[in-house]
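Peer 1: got a predicted model here, sequence first, then my questions.
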Amino acid sequence: MDKFKESRRIPSAGPSITETEIELVSKAIKDGWGPKMSYYIDEFTEEFSKYIGMNYCLPTSHCTDAIHLAMLTLNLKSTDEVIVPDMTWVASAAPVIYVGAKPVLVDVDPKSWCITADQIEKSITPNTKAVVVVDLLGNMPEWDEIIKVCKKNNIVIIEDASEGIGATYKGKLAGTFGDISLFSFNATKLIQSGQGGMLCTNNEDTYKSAKLMSHHGMDKPLDGVGKYYWSDVLGYNYGWTNIQAALALAQLRRIDELLSYKKWLFNKYDDGLKSIPSLVLSPSEENVNHTYWITTALINDYGILKEEFKEILDKNNIDIRPIFYPLSAMPPFKNYVQKNMDKVNPVTYELSKYGVCLPNGNNLDDDDVEYICHYFKKALGINN
Ligand SMILES: Cc1ncc(COP(=O)(O)O)c(C=O)c1O
């Protein structure tokens, strides 16, 4: 492995920037002002809406903001509960607390790492108003069963598709299952624009309510008649920028290429790590077309914790990301959980100890993957 001695540091994520991105962003910097101050935001919103097939799409500065807006549209009371998987990025759950409601953190499926209909059903109380279903790490849950349970119990589905863009369940795109669906375009996601998010829905009232709150509660008159700078309700400043939207637009136009690259990378990892007994990368169910946005691995058979594993690879210039900690283990959620959550949500706690995310940058080549696989195996004590 001497040939790798001079290898660059391999980051956990990275963009694919081509002339398409450079041209559109340069245009936005030059002309995206004054009368065109929202031109690229509007273009992206229109093309995204066509791609995803949802009637109403509201761009936001982050997906976290979009989730906050989604929660605001539900008008939740302090006794209301929202079910959220314990295994997800903190932003899937934090907005439930922002609006003063209670997150109920439930376990996930050991194979898909996503929430299940059973877990939702077991956690329903008379106070349950909504569930946040996360298309985790490019994967998707068993949606048919989830929808059945939610319909039966009159529960709103908020689909956090931040990590799932491009994935399909029974041929239907991630982000089309929720009453409200959310996407992220931050600097690690499939479509990267630095920061950015989107709220999508087919419900006009939900859209109008989210839109109003995304801009200080102001409903700017489109016909020029009426009051400018007038807040009907207290709102937020969750608008996006033209320049970021231009970058996202260029990426959206290349989405098939970006998705193909992720499959290529997954197949390379799968091949490079196949000599590791019992290692399964990014498992999914047969109804799902996984995007492999991030290739994941569970190293529980090797007696090494994710943090130790990360440290070893760090020393070899590879930035491997550990999987999330259980939300229920972290201080912001301590008022909403009982003791011994490791016994309540055992799958989440096991995944959290041993789950790792392989570098998923859009700019890795064959040599990088070979280098990563070499040190990945070495860290597990595998020498072939
Ligand atoms: C599952 C999930 N939900 C929400 C978010 C929040 O996205 P943003 O960074 O755009 O606020 C992320 C981003 O990392 C995520 O992975």
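Peer 2: Received it, and whenever you're ready, just let me know what you need. All of these numbers come straight from a predicted model, not from anything done at the bench. Residues are numbered from 1 along each chain as shown.
Peer 1: apart from its chain neighbours, what residue comes closest to C373?
Peer 2: Once flanking residues are discounted, C373 sits nearest to G272: 3.2 Å by Cβ to Cβ, 6 or more residues apart in numbering. For every residue, glycine as well, the C-beta is placed using N, CA and C.
Peer 1: pLDDT below threshold where in the stretch 101-250 of the chain?
Peer 2: For the stretch 101-250 of the chain, residues meeting the criterion pLDDT under 70 lie at 221-225.
Peer 1: contact residues of it facing the ligand?
Peer 2: Residues of the stretch 101-250 of the chain found near the ligand (Cβ under 6 Å from any ligand atom) are 134, 160, 162-163, 184, 186, 197.
Peer 1: so which of the residues you listed is the closest to Y39?
Peer 2: G197 (19.1 Å; Cβ to Cβ).
Peer 1: now do the same contact list for that closest one.
Peer 2: Residues near G197 by Cβ atoms under 8 Å, 6 or more residues apart in numbering: 59-66, 162, 182-185, 240.
Peer 1: now E204
Peer 2: The contact partners of E204, by Cβ under 8 Å, 6+ apart, come to 55-56.
Peer 1: picking that back up, adding secondary structure, write the residues of the stretch 101-250 of the chain next to the ligand out as CSV.
Peer 2: CSV is the format used below for these (DSSP: H, G, I helix; E, B strand; the rest coil):
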residue, secondary structure
V134, strand
D160, strand
S162, coil
E163, coil
S184, strand
N186, coil
G197, strand
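Peer 1: any idea how far the residue nearest to C373 is from the ligand?
Peer 2: Distance, G272 to the ligand, by Cβ to the nearest ligand atom, to the nearest Å: 26 Å.
Peer 1: hang on, isn't that residue packed against D368?
Peer 2: No. Contact criterion Cβ atoms under 8 Å: G272 and D368 do not qualify, at 10.7 Å.
Peer 1: ok so, going back, looking at the residues of the stretch 101-250 of the chain next to the ligand, which has the most residues close by?
Peer 2: For those, counting by other Cβ atoms under 10 Å, the largest number of neighbours falls to S162: 32 neighbours.
Peer 1: N383: which of the contacts of G197 is nearest?
Peer 2: Of all those, N383 sits closest to S162, with 38.1 Å by Cβ to Cβ.
Peer 1: so who does the closest residue to that closest one other than its chain neighbours touch?
Peer 2: Sequence neighbours aside, S184 is the residue nearest to S162 in space, at 3.7 Å (criterion: Cβ to Cβ, 6+ apart). Residues counted as contacts of S184 (Cβ under 8 Å, 6+ apart) are 62-63, 162-163, 196-197.
Peer 1: the longest helix in this structure is where?
Peer 2: Counting residues, the longest helix in the chain under DSSP state H turns out to be helix 255-272.
Peer 1: right, and the helix or strand after it?
Peer 2: Using DSSP states H and E, the helix or strand that follows helix 255-272 in sequence is strand 288-289.
Peer 1: where along this structure do the strands fall?
Peer 2: Using DSSP state E, the strands found in the chain span residues 56-60, 81-85, 102-106, 128-134, 156-160, 168-169, 172-173, 180-184, 197-201, 288-289, 296-298, 321-322, 355-357.
Peer 1: out of the contacts of G197, the closest to G138 would be?
Peer 2: For these, the minimum distance to G138 (Cβ to Cβ) is 10.5 Å, reached by S162.
Peer 1: I'd say that closest one and I191 touch.
Peer 2: No. Counting by Cβ under 8 Å, S162 sits too far from I191 to count as a contact (10.6 Å).
Peer 1: do I have it right that L72 meets M213?
Peer 2: Yes. L72 lies in contact with M213 (Cβ under 8 Å); the separation is 5.4 Å.
Peer 1: right, and V99 touches S78 too?
Peer 2: No. At 9.4 Å, V99 does not count as touching S78 under the criterion of Cβ under 8 Å.
Peer 1: neighbour count winner among these two?
Peer 2: Under the neighbour definition other Cβ under 10 Å, V99 and S78 were set side by side, and V99 has more, 18 against 8.
Peer 1: and the gap between the more buried one and K339?
Peer 2: Per Cβ to Cβ, to the nearest Å, V99 is found 26 Å from K339.
Peer 1: domains of the chain?
Peer 2: Domain assignment for the chain, taken from automatic domain parsing, gives 2-14+256-379, 19-253.
Peer 1: so which of those has the densest surroundings on average?
Peer 2: When neighbours are counted by mean count of other Cβ atoms under 10 Å, the highest per-stretch mean among the domains of the chain falls to domain 19-253, a mean of 20.
Peer 1: pLDDT score for the closest residue to G381 other than its chain neighbours?
Peer 2: Nearest residue to G381 in three dimensions, chain neighbours excluded: Y302, at 7.2 Å (Cβ to Cβ, 6+ apart). We have a pLDDT of 90 for Y302.
Peer 1: and the one 4 residues further on, by the same measure?
Peer 2: Reported pLDDT at K306 in the predicted model: 95.
Peer 1: for it, give me its contacts.
Peer 2: Going by Cβ under 8 Å, 6+ apart, K306 touches 299, 322-323, 352-356.
Peer 1: which two in these are spaced the farthest apart?
Peer 2: Longest span within the contacts of K306, Cβ to Cβ: I299 and S352, 12.3 Å.
Peer 1: rewinding a little: who touches the longest helix of the chain?
Peer 2: With Cβ under 8 Å, 6+ apart as the criterion, helix 255-272 contacts 16, 51, 138, 165-166, 190-191, 251, 281-282, 291-293, 295, 358, 360, 362, 364, 366, 369-370, 372-373.
Peer 1: in helices, which of the residues you listed fall?
Peer 2: Residues of these located in helices (DSSP H): 51, 251, 366, 369-370, 372-373.
Peer 1: and these as TSV, adding pLDDT and distance to the ligand?
Peer 2: Output for these, formatted as TSV (pLDDT from 0 to 100; distance: Cβ to the nearest ligand atom, whole Å):
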residue	pLDDT	distance to the ligand
Y51	98	18
Q251	98	14
D366	95	28
V369	96	23
E370	95	28
I372	96	22
C373	97	25
